[in-house]
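Enquirer: Below are the sequence and a predicted model; questions follow.
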Amino acid sequence: MDQPIKKLQFIKRFFEMTGVLFQSHIEFMEDPQLTASHPMTLIRSNHYLVVKYDPSIKPLTNPELTLEYSNKVVVEAFLGVNTNWREDQNFVLFQPESVSLPPIQGLKVELLTIEKKMDLGKLKASCSYEEIEQSQVGLDDDIVLGIYHQKDLLAVGSLWFIEQDLADLHLLIHPRFRSIGLGKLLFGLLVNRAFQVNRIPMARGKLMNHAAYKAALSIGFVEAVSVFEIYRD
């Protein structure tokens, strides 16, 4: 795979993965997975906007929306101005090229298999339910790496393979060992492994997950797409 990956190249590939082949810079699509309580998803980049909506919503017969319109204007065009709603913002980042890793002193990196499920269980037991749900790390992922100090698993990260050329990165770090650079190290290890298997590394998550977001940016991940999940209050 040629490096570096260009931003527009990744953005078009990401939208293609979600089922969008652009005819224009703004697209409207019914999404049968959406519901009355979660009626819309807005996917934005600098040059493109996809509006997915619950099929039970009457579509706009003459949409005059443009990229410049705010989420508020777009949502109210579909749901009406008197609807109470909220949005959850998610980030989509990608890494253009392989990275240089910081020195690993006193730590050991291992490829985790099912034989290490007890180690992963202990790590997850130290984390909150929300942290485990956000990380989405499991030993059934395509590649799983662990960072050990002696016999203690301090952090774990994984790659999910998506289609033929993308790899989604996920990680979970023991609460006692955060803010010491393990997130940055783990992201770097996963990025380089993704490129070794000819896949573009990307990271997704809720914007409120500041630690993962900042760790990814710190090693060169690039902001590409924002996803706004719309919920009725």
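Expert: The structure has been received and is ready for your questions. What you see is a predicted model, and the numbers here were worked out from it, not measured in a lab. Numbering: from 1, shown residues only.
Enquirer: Average pLDDT for stretch 203-222, rounded please.
Expert: Mean pLDDT, computed over stretch 203-222, is 88.
Enquirer: What are the contacting residues of the top helix by length along the chain?
Expert: Longest helix in the chain, counting residues (DSSP state H): helix 182-196. Residues outside helix 182-196 that contact it (Cβ atoms under 8 Å, 6 or more residues apart in numbering): 1, 3, 95, 97-102, 104, 109, 143, 145, 147, 154-159, 167, 169, 171, 173, 200-201, 203, 211-212, 215-216, 218-219, 221. In short, each C-beta sits where N, CA and C put it, glycine included.
Enquirer: what separates Thr61 from Gly106, distance-wise?
Expert: According to Cβ to Cβ, to the nearest Å, Thr61 stands 65 Å off from Gly106.
Enquirer: repeat for Arg13
Expert: 39 Å.
Enquirer: Pick out whichever of those two has more residues nearby.
Expert: When Arg13 and Gly106 are compared for neighbours, Arg13 comes out ahead with 18 against 7, by other Cβ atoms under 10 Å.
Enquirer: Tell me what angle the lowest-mean-pLDDT helix or strand in the chain forms with helix 182-196.
Expert: Lowest mean confidence among the helices and strands of the chain (mean pLDDT, DSSP states H and E): helix 210-218, at a mean of 86. Angle, helix 210-218 to helix 182-196, by axes from the mean of the first three to the mean of the last three Cα atoms, to 10 degrees: 50 degrees.
Enquirer: Run through the bridge partners of the residue most central in space within the chain.
Expert: Nearest residue to the geometric centre of the chain (Cα atoms, centre = their mean): Arg204, 0.9 Å. Taking DSSP bridges as the rule, Arg204 bridges to Val92.
Enquirer: that older thread, among the contacts of helix 182-196, which are in strands?
Expert: 109, 143, 145, 147, 154-159, 167, 169, 171, 173, 200-201, 203 (DSSP state E).
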